[in-house]
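Novice: Next comes the sequence, and after it the predicted model I'd like to discuss.
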Amino acid sequence: MHGDDLPFDYELLVELTETSGVPGYEDRVREVVRRELAPEVDRLRSDAMGNVVGTVDGGDTEVLVAAHMDEIGFMVSHVDDGFLGLEPLGGWDPRVLKAQRVTVHAEDGDLPGVIGSPPVHTLDDEDLDASEEVADVRVDLGLPATEVDERVAVGDLVTTDQRTERVGEHVTGKSLDNRVSVLALVEAARALTDPEVTVHFAATAQEEVGLRGAMALGVDVDADVVLALDTTVANDVPGVESGEHVTRLGEGAGIKLKDSSSITNPKLNRRLRMVADERSIPHQPEILPTGGTDTGGLQFRGGAKPAGAISVPTRYLHTPTEAVHHDDVRACLDLAVAFLETESGGSDYTL
C-alpha cells in the first residue's frame, strides 16, 4: 500500500522497519542510514559499537540527536534435532511469540521459519496454565535435521517476519521501535538548513540491551545538548485505566519528563513545549514508569549534559504488531526540526 498521502516518507519507513537488525548486528539498517544521511550532512562516520553519526556544521555549540536503530530479536542458542532454541536480544513477552513467522539469518542466507504452537486439542489444563518463557520457544525450519545442522549455527540471528501496513490512521509492523524515530532523524537532517549550531545526527546501536551504543557515544561526542528520539507506551486500549495510558495515539509528540533511565532537564522540557506551542505542534507529556531510552545513556556519560527526549506514542510495544498514528509521527518530526532550527547556542540549561 502506498503512502503518497502521508506526511512523511512512508516508503522509507517500510524499508527501515522491514530491514532486520538486532542489537550488535545492525549492519543492514546501518547501510540504509548511511545511504540516507550521506547527502544531508557534512561528515559521516561510524564507530566500533556500530553507531552512525552524520554531522551538519554550524556554530560552536554542539547538539546530539540520537535514535536507536536496533530491534528486539534473538540469537540461536542451540540446535536440537532440527529445531532451534533461542536467546532473547531485548525484552520479549513470550506469550506473543506463539505461531509467529520468523527469519533465521544464517551464513549462507536467510531461512524462513515458524515458532510453532501445539494445537489446543492436545493440551490439558496443566499445559494451559503453565507459565511461558522464551527459553521454551523452538523454531521449526521445515527442513531435515541434518540440513538444519549444516546450515544453522549457534550465534545465528533470528527476527520476526512481519510486513509493515497501513491500518486506518495507523501504521503497524515490527520494529517501529525504533525505526520510526530513525525515519524522523533522517527527515530532520533533510529539513535542516544552515543551523546556528553544529548538529550530530546519530543512529545508535544496542539500545535494547542496555543503551550501550548511546553510552559509548556520550563519551566520544562532546555535545552541549542531547536529544533522544524514541517510541513510548500508548496503552490507550480497552482494559487499561486512563491513568496508565502514558500517552494516547493521535494526541501528538510525547515530551519525556522521565523514564526508568532518566529524568530529563526541566529547562529543556520547557523549551520543547514552548517551541511546540509557538508552531502549533500537537504534544503531550510523557512519564514512562518502566523502560529506559538513549536519553539515559547520553545524559551523563561524558559529563553532565542537558538531556531531553521526543517520543512517538506506540501501541503494542515489543510485539510484531506495533502501531503508531501518522499524525504523531509528523508531530515528532516537526518538533525535532523546530527545536534544532531555534537552538542558537544561547540557551541556559543549567539548574
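Specialist: Nice, I can see it. Please read all numbers here as calculations on a predicted model, not as lab measurements. Numbering: from 1, shown residues only.
Novice: which stretches of the stretch 101-250 of the chain form helices?
Specialist: 125-129, 145-151, 176-191, 212-220 (DSSP state H, counting those that start in this stretch).
Novice: in the last one, what counts as buried?
Specialist: Just to be clear, that refers to helix 212-220. By neighbour count on 16 or more other CB atoms under 10 Å, the buried set for helix 212-220 is 212, 213, 214, 215, 216, 217, 218. Where C-beta positions appear, they are placed from N, C-alpha and C, glycine not excepted.
Novice: One more: the longest one?
Specialist: Buried residues in helix 176-191, counting neighbours by 16+ other CB under 10 Å, are found at 176-189.
Novice: In those, find the pair that's most separated.
Specialist: 177 and 189 (20.6 Å; CB to CB).
Novice: Specify which member of the buried residues of helix 212-220 is nearest to residue 20.
Specialist: Using CB to CB, the buried residues of helix 212-220 come closest to residue 20 at residue 213, 17.2 Å.
Novice: how many neighbours does residue 137 have?
Specialist: A total of 23 residues lie near residue 137 under the criterion other CB atoms under 10 Å.
Novice: Give the full set of residues in contact with it.
Specialist: 85, 86, 94, 97, 115 (CB atoms under 8 Å, 6 or more residues apart in numbering).
Novice: Take those residues and keep only those in strands.
Specialist: Mapping the contacts of residue 137 onto strands (DSSP state E) picks out 85, 86, 115.
Novice: most neighbours, which of those?
Specialist: Most surrounded of the ones in strands among the contacts of residue 137: other CB under 10 Å gives residue 86, at 24 neighbours.
Novice: Can you say which helix or strand has residue 44 in it?
Specialist: Assessed by DSSP states H and E, residue 44 sits inside strand 43-46.
Novice: roughly how far is that strand from the heart of the chain?
Specialist: 21 Å (CA atoms, centre = their mean, to the nearest Å).
Novice: Which residues does it contact?
Specialist: Residues contacting strand 43-46 (CB under 8 Å, 6+ apart): 30, 34, 37, 38, 52, 53, 54, 55, 57.
Novice: picking up where we left off before, turn the buried residues of helix 212-220 into CSV, columns for pLDDT and distance to residue 20.
Specialist: Output for those, formatted as CSV (pLDDT from 0 to 100; distance: CB to CB, whole Å):
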residue, pLDDT, distance to residue 20
212, 96, 19
213, 95, 17
214, 96, 21
215, 95, 24
216, 96, 22
217, 95, 22
218, 93, 27
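Novice: This completes my enquiry, with thanks.
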